[in-house]
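> What follows is a protein structure lacking sequence information:
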């Protein structure tokens with residue numbers, strides 16, 4: 001059934017009464033009372049519209065609010081003063097007391113099912129008396145027009161809902177959101193809000209606060225930017241790393257947060273957003289170490305990676321088998337969706353299945369608490385979640401055991417080191433996206449990373465004890481020197497640096513500039529894997545050190561010593577490609593005269 005109606009709600013009684021001006025013998029184009037243009041309305045049941053997605057229990061306030069009431073029929077959107085069928089720009093009408101009613105039966109028709117932009121499609125779940133529909137329509141449409149006016153007046157963008165969104169996933173977006181972050185709970189739980197608050201503060205925002213969202217995964221950081229009267233917000237959804245890429249694909253976030261690198265299949269799905277592994281889209285936020293934790297009463301202090309693999313796979317079941325006191329080992333692990341588990345699974349389990357007896361956790365804090373209360377427990381968590389447990393040193397074949405410390409994680413020598421990432425589309429969705437990324441990579445932003453318990457990329461000189469097995473010249477040259485908290489790593493058989501190197505070189509130049517270079521001597525030591533002859537390994541390690549030297553010279557820094565030591569002092573096993581990549585590195589030391 002097609003009707004022609006006036007939509008001048010609140011100003012025209014005929015519009016408020018939902019008066020039908022359809023007439024087979026005469027076509028009316030304007031309202032006889034207010035002279036406003038008429039529009040066609042097609043009243044359709046759900047069975048008449050394809051792919052209509054239901055939205056249930058949508059609230060703008062908490063469910064406990066006693067003023068909330070259901071709306072039986074809500075139209076999809078508003079454009080140019082007219083209602084039209086679409087899958088975006090959804091609105092909820094406020095009541096006179098400024099509360100927002102619940103939407104019990106809202107249907108959004110995809111664009112390809114619309115009739116015309118000038119035609120209103122009313123979707124309903126069941127036939128209803130015309131009088132009731134008309135009453136609901138007039139009240140609701142007036143409220144929608146009011147909301148549209150306020151939104152346009154404020155100069156805000158329409159809120160976009162993902163096509164074919166699941167009802168459970170659709171929520172009201174917090175007003176005045178300038179940025180939306182989604183992804184890993186490791187990044188988003190504490191670090192994300194801390195960075196958001198520091199960023200808003202750097203923009204001159206006042207009245208800063210962190211408030212909870214609609215569920216435990218969501219946090220909203222608010223602040224009033226200069227020149228504004230209403231607060232602006234940064235919305236953070238922290239669940240798992242996979243969520244970062246699905247949210248980017250659905251355009252429900254601006255920045256994805258992950259505790260692992262994007263997978264090839266994920267990058268392929270996001271190709272419309274650009275090359276997600278390019279420097280413009282992939283940003284290294286900071287560094288983390290997956291700490292293997294035990295109860296503080298456990299006498300064990302270090303384990304090899306192969307021993308960890310057998311423990312977590314259930315092949316080693318008693319602590320006495322690895323040199324500790326007798327007791328049945330109890331394994332604690334994160335859930336399958338966690339980036340921590342994925343990294344541990346790839347680096348430690350390496351193809352073996354986790355023991356079926358392992359107790360799984362969706363939260364690292366809960367896992368850490370469980371291990372701290374179990375004398376026979378062992379688990380793995382992100383570095384900031386060690387808490388009241390004891391982290392142990394981990395060694396790889398042919399390398400010394402290392403604990404996760406600021407230096408070993410910053411240089412990525414610790415076997416279970418990993419990088420934290422931010423991912424952005426190739427084209428910025430708003431001006432704040434690139435500003436936020438630049439802030440997180442700045443010295444100030446990296447200080448927030450460190451304060452949150454992770455390892456920042458700000459370069460610092462740190463004292464290090466040299467291994468007894470090091471070359472004698474290396475021992476002599478490093479005597480009285482401090483090692484800088486970054487290494488440079490290289491691709492197999494090449495002298496090309498990896499994606500992190502350029503930013504680190506600039507950070508080193510900044511550090512030297514801050515110290516004014518007075519009395520400083522920079523020492524570069526190259527190392528390689530054991531592929532090829534010892535002579536070839538030594539030559540490659542020296543070439544890599546000279547590559548870093550050239551980059552530093554371009555930045556006004558002339559190293560005093562450049563050496564290549566081949567495949568000695570390995571930090572990982574040369575049996576795997578990942579291990580060989582860790583061994584191909586250049587260390588930087590600084591020595592005072």
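Received the coordinates, thanks. A quick note: this is a predicted structure, and the numbers were derived from the prediction, not measured.

> Ramachandran angles for residue 474?
For residue 474, the backbone dihedrals (degrees, to the nearest 10) come out as phi -60, psi -40.

> Residue 544 now?
phi -70, psi -40.

> before we move on, what about residue 348?
Residue 348 adopts backbone torsions of phi -100, psi -60, taken as degrees, to the nearest 10.

> ok, it - contacts?
Shown in contact with residue 348 (Cβ atoms under 8 Å, 6 or more residues apart in numbering): 305, 308-309, 312, 380, 416. Just so you know, the C-beta spots here come from the backbone N, C-alpha and C atoms, and that holds for glycine as well.

> again with residue 200
208, 221, 223, 225, 232, 234.

> what's the closest non-adjacent residue to the second one?
So that's residue 221. The shortest distance from residue 221 to any non-neighbouring residue, by Cβ to Cβ, 6 or more residues apart in numbering, is to residue 196 (3.9 Å).

> The last one now?
Using Cβ to Cβ, 6+ apart and skipping the chain neighbours, the partner closest in space to residue 234 is residue 196 (4.1 Å).

> So for that neighbour, what's the pLDDT?
The score at residue 196 is 97. That number is its pLDDT.

> So it: helix, strand or coil?
helix (DSSP: H, G, I helix; E, B strand; the rest coil).

> Could you give the number of residues near residue 323?
For residue 323, the neighbour count with other Cβ atoms under 10 Å is 12.

> Surely it and residue 300 touch.
Yes - look at residue 323 against residue 300 with Cβ atoms under 8 Å: they come within range, at 6.8 Å.

> mind listing what the residue nearest to residue 221 touches?
By Cβ under 8 Å, 6+ apart, the contact set of residue 196 is 179, 181, 221, 234, 236, 436.

> Redo those as JSON lines? Include secondary structure and distance to residue 35.
Shown next, in JSON lines, are those (DSSP: H, G, I helix; E, B strand; the rest coil; distance: Cβ to Cβ, whole Å):
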{"residue": "179", "secondary structure": "strand", "distance to residue 35": "45"}
{"residue": "181", "secondary structure": "strand", "distance to residue 35": "49"}
{"residue": "221", "secondary structure": "strand", "distance to residue 35": "49"}
{"residue": "234", "secondary structure": "strand", "distance to residue 35": "46"}
{"residue": "236", "secondary structure": "strand", "distance to residue 35": "50"}
{"residue": "436", "secondary structure": "helix", "distance to residue 35": "49"}
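
> Tabulate those residues (a markdown table), appending neighbour count and pLDDT.
Converted to a markdown table, the contacts of residue 196 look like this (neighbours: other Cβ atoms under 10 Å; pLDDT from 0 to 100):
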| residue | neighbour count | pLDDT |
| --- | --- | --- |
| 179 | 22 | 96 |
| 181 | 27 | 97 |
| 221 | 26 | 97 |
| 234 | 27 | 97 |
| 236 | 28 | 97 |
| 436 | 26 | 97 |
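
> Turn those into JSON lines, columns for distance to residue 559.
Below are those laid out as JSON lines (distance: Cβ to Cβ, whole Å):
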{"residue": "179", "distance to residue 559": "41"}
{"residue": "181", "distance to residue 559": "39"}
{"residue": "221", "distance to residue 559": "43"}
{"residue": "234", "distance to residue 559": "42"}
{"residue": "236", "distance to residue 559": "42"}
{"residue": "436", "distance to residue 559": "35"}
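
> What is the nearest of those to residue 388?
Nearest to residue 388 among the contacts of residue 196, counting by Cβ to Cβ, is residue 236 at 26.8 Å.

> How much space separates that closest one from residue 582?
Distance, residue 236 to residue 582, by Cβ to Cβ, to the nearest Å: 32 Å.

> The strand or helix carrying residue 284 packs against which elements?
Using DSSP states H and E, residue 284 sits in strand 282-294. Applying 3 or more Cβ pairs under 8 Å, 6 or more residues apart in numbering; DSSP states H and E, one finds that strand 282-294 contacts helix 339-344, helix 364-372, strand 377-382, strand 390-391, helix 406-410, strand 417-423, helix 431-441, helix 443-451.

> Contacts made by the longest one with the rest, please.
When contacts are defined by Cβ under 8 Å, 6+ apart, helix 431-441 is touched by residues 178-179, 195-196, 198-199, 202-203, 234, 254-255, 283-285, 422, 424, 428, 445-446, 448-449, 457, 503.

> rerun that using 10 Å as the cut-off
Helix 431-441 is contacted from outside by 177-181, 191-192, 195-196, 198-200, 202-203, 225, 232, 234, 254-255, 280-281, 283-286, 422-425, 427-428, 430, 445-446, 448-449, 457, 503, 507, using Cβ atoms under 10 Å, 6 or more residues apart in numbering.

> Quick check: buried residues in that helix?
For helix 431-441, burial by neighbour count (16 or more other Cβ atoms under 10 Å) applies to 432-433, 435-437, 439-441.

> Quick check: which ranges of the stretch 101-250 of the chain have low pLDDT?
101-175 (pLDDT under 70).

> in it, which spans are helices?
All helices of the stretch 101-250 of the chain, identified by DSSP state H, counting those that start in this stretch, fall at 130-154, 185-188, 191-202, 241-250.

> quick one: contacts for residue 424?
Counting by Cβ under 10 Å, 6+ apart, residue 424 has contacts 248, 253-256, 273-274, 276, 280-283, 433-434, 436-437.

> let's see 6 Å
By Cβ atoms under 6 Å, 6 or more residues apart in numbering, the contact set of residue 424 is 255, 281, 433.

> Quick check: phi and psi at the first one.
Summarising the backbone geometry of residue 255 under the convention degrees, to the nearest 10, its torsions are phi -130, psi 130.

> Spatially nearest residue to it (excluding sequence neighbours)?
residue 181 (4.8 Å).

> count of neighbours near residue 328?
Neighbourhood size, residue 328 [other Cβ under 10 Å]: 10.

> What of residue 390?
Neighbours of residue 390 under the rule other Cβ under 10 Å: 18.

> So it sits against residue 294, correct?
Yes - counting by Cβ atoms under 6 Å, residue 390 does reach residue 294; the two are 5.5 Å apart.

> For the chain, give me the ranges with low pLDDT.
Applying pLDDT under 70 to the chain flags the ranges 1-2, 9-10, 16, 23-27, 40-175, 491-499, 516-520, 593.

> Centre-most residue in it?
What sits nearest the mean C-alpha location of the chain, by Cα atoms, centre = their mean, is residue 257, with 1.3 Å.

> Check the gap between that residue and residue 232 for me.
Per Cβ to Cβ, residue 257 is found 20 Å from residue 232.
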